[in-house]
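>>> Sharing a sequence plus its predicted fold:
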Amino acid sequence: MPSPRRPGRAFLRGNLTLIAALTCAIAVLAGCTSAASGTGSPPPMVPAGAQAPPSRLDWHPCAVGRTRLQCASLAVPLDYRHPAGRKITLALSMAPATAPADQRQGDLLVDPGGPGASGRYLAAQTADLLNHTVASEYNIIGFDPRGVGASVPALRCDPSFFAGVRPDYIPASRAAEQVLIARARAYAADCERRFGWLLPFMTTQDAARDMDSIRAALGQQKISYLGYSWGTYLGQVYATMFGNRVRRMALDSTVDPRGAWYADNIAQDYAFEARIQAFYSWVAANADFYRLGTTRAQVQQAWYRARAQLAAHPISGPSGPMIGPDEFDDTMQQGGYDNSVWPGLATALAAYLHTGSTRPMINEYRALGEQNENLFAVYNAVECSDVNWPRNWAKWDADTRRVYRTAPFMAWDNAWFNAACAFWPVHGPTRPLAIRGAGLPPILMIQGSLDAATPYQGAQAAHKLLPSARMVVVEGGGNHGQSLTLPANVCVNNYLNAYLANGSVPHGAGLVNATCRALRNPSPQA
């Protein structure tokens, strides 16, 4: 489950991520139906001009967070097989180009991932963190994909799903597991009851068609694109469906399209285990500061001791119990996405275990661990429909128990985060969309070698499917999202800026075409 990218912060999980599949084998612009099935074969590349006349974009000044931007909305077909039928609305933001007209390079769409993350904020962040000359040459456009945030409708299935302390992710008995299964089944049913009309049209392919509608509304023959996490899968799908409309494409922290989504999530479990072990080692190396143990094993024991205490006695908030074992996991899990949060997590853990102080833990939970139900709903709607998940819970149970034996940190957490897919009302195709990269312009890929959310081997599998791609590998980089971060990796940013400036990519042979060093782990903080 890849997550949205937030420079300098965690890549939130409710968040999370990967995608693709043909749900209907009817036509190039076919939408999904609840009875859809398919082979995963790609739709043919769409010829230019093969769509209805675009809607017009009326840009107006707006604030996204605290940033002044230009905003617009775009009506797109719910079902692209019926372009004159029911419409939904996408929310867009733009940091306009400021370079002289003869130096401008068109429009750059950006997406932070998820699926389910709002992309409108990323326009301003990208404009701020790119080289200013490069940024000035593009209209940098963010958008909330269908169902997300300010787009209409915003998908919300059960706003109370994350309220209070939830049942422990790690079931202590078969009866406890049945409680969690019932929650997943009920969530899928709630989504069908509230948004059954929308769910068949929430696939990554639908989002790719929306991207092309944005391109057409902008009046561009070709579009440039920068995507992170699930956004890299969206980019791969768009390039497969609309390859002749790609000008430049940069993919940071790339999804393995072959494993969408069941296999990809299992691969994450093993990669996240390595990242939490790296966190334990870092805390142990700073034992004088945190006093949680001088070895990785001792810190791990302290971590599980805190989890057990929270299971027995959750931390209370203003409205009752707030942080139990699941909420603790959701918070600490963000250290697997981004090591910049390690000092805050370690401080909260130490304060809780040494003095019983809960304020630091509450602060970290509110900053990192609180779940966004809209994001969670869209995450499920996309991933559950992109491809058909196993419908036999016995398989989920057996696979999760097998993973848990050697990679316990994320095994059950990840299973329950995706469990609604076992009961989802939309049945996707049997295999993911086959990504086809022949004939594409040069693509820039950026990948940390220790990324947990989109593991390195899977990113290289995607690389092989995109023959024009060249990859910059951040050696020892475990963060999810390597470019345009705070603090900055200048080496990585130089490759991205050069590519967006003039289309240049590294020329090294093989699957590792250039390398950058990872930033140092953070220093401990109070």
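Yep, that arrived. Keep in mind it's a predicted model, so treat the numbers as computed, not measured. Numbers count the residues shown, from 1 in each chain.
>>> now for the lengthiest strand in the chain, which elements pack on it?
The single longest strand within the chain, with elements called by DSSP state E, is strand 67-77. For strand 67-77, the contact count by 3 or more C-beta pairs under 8 Å, 6 or more residues apart in numbering; DSSP states H and E identifies strand 60-64, strand 87-95, helix 120-129, helix 204-217 as packing neighbours. Every residue, glycine included, has its C-beta placed from N, CA and C.
>>> Please work out which of these is packed deepest.
For the helices and strands packed on strand 67-77, average neighbour numbers computed from mean count of other C-beta atoms under 10 Å are highest in helix 204-217, which has a mean of 25.
>>> now it and strand 67-77, what's the angle there?
Interaxial angle, helix 204-217 versus strand 67-77 (axes from the mean of the first three to the mean of the last three C-alpha atoms, to 10 degrees): 110 degrees.
>>> and helix 204-217, how far from the chain's centre?
A distance of 18 Å separates the centroid of the chain from that of helix 204-217, by C-alpha atoms, centre = their mean, to the nearest Å.
>>> Output the contacting helices and strands for that helix.
Using 3+ C-beta pairs under 8 Å, 6+ apart, helix 204-217 is in contact with strand 67-77, strand 87-95, strand 107-111, strand 139-144, strand 223-229, helix 230-241, helix 373-386.
>>> The longest helix along the chain - what's its average pLDDT?
With secondary structure taken from DSSP state H, the chain has its longest helix at helix 262-285. Computed over helix 262-285, the mean pLDDT rounds to 98.
>>> Tell me which residues of the helix or strand following it come out buried.
Counting by DSSP states H and E, the next helix or strand C-terminal to helix 262-285 is helix 287-290. With burial defined by 16 or more other C-beta atoms under 10 Å, the residues of helix 287-290 counted as buried are 289, 290.
>>> can you list the residues that contact helix 287-290?
283, 293, 294, 346, 347, 349, 350, 524 (C-beta atoms under 8 Å, 6 or more residues apart in numbering).
>>> Can you name the residues bridging to residue 250?
Beta bridges link residue 250 to residue 226, residue 444, judged by DSSP bridges.
>>> Do I have it right that it meets residue 446?
Yes - contact status for residue 250 versus residue 446: in contact at 7.1 Å, counting by C-beta atoms under 8 Å.
>>> Do a quick rundown of the helices in the stretch 401-526 of the chain.
With helices called from DSSP state H, counting those that start in this stretch, the stretch 401-526 of the chain shows them at 408-418, 456-465, 490-502.
>>> closest to residue 216 out of those?
Among the helices of the stretch 401-526 of the chain, helix 490-502 comes nearest to residue 216, with 22.1 Å by C-beta to C-beta.
>>> So for the longest helix of the chain, what gets flagged as buried?
Going by neighbour count (16+ other C-beta under 10 Å), the buried part of helix 262-285 is 262, 264-273, 275-280, 282-285.
>>> which regions of this structure lie under the pLDDT threshold?
Within the chain, the set of residues satisfying pLDDT under 70 comprises 1-54, 526.
>>> mind running it again at 90?
For the chain, the stretches with pLDDT under 90 are 1-56, 65-66, 525-526.
>>> coming back round to it: could you export the helices and strands packed on strand 67-77 as TSV, including distance to residue 195?
What follows is those, written out as TSV (distance: least, C-beta to C-beta, whole Å):
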stretch	distance to residue 195
strand 60-64	25
strand 87-95	11
helix 120-129	21
helix 204-217	14
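>>> Which among these is found nearest to residue 432?
Nearest of these to residue 432, taken as C-beta to C-beta: helix 204-217 at 9.3 Å.
>>> Specify the angle between that closest one and helix 230-241 in degrees.
70 degrees.
>>> The longest helix of the chain - contacts with which helices or strands?
Other elements packing on helix 262-285 under the criterion 3+ C-beta pairs under 8 Å, 6+ apart are helix 296-312, helix 342-355, helix 393-406, helix 408-418, helix 456-465.
>>> Dump the ones you listed into CSV; add mean neighbour count and distance to residue 361 as well.
Converted to CSV, these look like this (neighbours: other C-beta atoms under 10 Å; distance: least, C-beta to C-beta, whole Å):
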stretch, mean neighbour count, distance to residue 361
helix 296-312, 17, 9
helix 342-355, 20, 4
helix 393-406, 14, 25
helix 408-418, 23, 18
helix 456-465, 19, 32
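>>> can you tell me which of those comes nearest to residue 504?
Per C-beta to C-beta, nearest to residue 504 of these: helix 456-465, 17.9 Å.
>>> Give me the distance from that closest one to the chain's centre.
Centre-to-centre, helix 456-465 and its host chain are 17 Å apart (C-alpha atoms, centre = their mean).
>>> and the residue nearest to residue 496 when sequence neighbours are not counted, backbone torsions?
Leaving out its chain neighbours, the residue that sits closest to residue 496 by C-beta to C-beta, 6 or more residues apart in numbering is residue 483, at 4.8 Å. Backbone dihedrals for residue 483, given as degrees, to the nearest 10, come out at phi -100, psi 150.
>>> In contact with residue 483: list those residues for me.
By C-beta under 8 Å, 6+ apart, the residues touching residue 483 are 250, 252, 446, 489, 492, 493, 496.
>>> Measure how buried the third one is and give me the count.
One way to gauge burial is a neighbour count; for residue 446, by other C-beta atoms under 10 Å, it gives 29.
>>> Disregarding flanking residues, what is the spatial nearest neighbour of it?
Nearest residue to residue 446, sequence neighbours excluded (C-beta to C-beta, 6+ apart): residue 252, at 4.4 Å.
>>> same for the host helix or strand of that neighbour, what does it pack against?
Here residue 252, judged by DSSP H and E, is contained in strand 246-254. Under the contact criterion of 3+ C-beta pairs under 8 Å, 6+ apart, strand 246-254 touches strand 223-229, helix 230-241, strand 443-448, helix 456-465, helix 490-502.
>>> nearest to residue 432, of those?
Ranking these by proximity to residue 432 (C-beta to C-beta) places helix 230-241 first, at 9.3 Å.
>>> re the thing from before, for the helices and strands packed on helix 262-285, could you give me a markdown table that also reports distance to residue 502?
Shown next, in a markdown table, are those (distance: least, C-beta to C-beta, whole Å):
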| stretch | distance to residue 502 |
| --- | --- |
| helix 296-312 | 45 |
| helix 342-355 | 37 |
| helix 393-406 | 45 |
| helix 408-418 | 41 |
| helix 456-465 | 22 |
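>>> show me what contacts residue 444?
Contacts of residue 444 by C-beta under 8 Å, 6+ apart are 248, 249, 250, 251, 469, 470, 472, 495, 496, 499, 505.
>>> Format those residues as CSV; extra columns: neighbour count and distance to residue 516.
Formatted as CSV, the contacts of residue 444 follow (neighbours: other C-beta atoms under 10 Å; distance: C-beta to C-beta, whole Å):
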residue, neighbour count, distance to residue 516
248, 22, 20
249, 27, 20
250, 25, 15
251, 30, 16
469, 24, 17
470, 21, 13
472, 26, 6
495, 23, 8
496, 23, 11
499, 24, 14
505, 22, 14
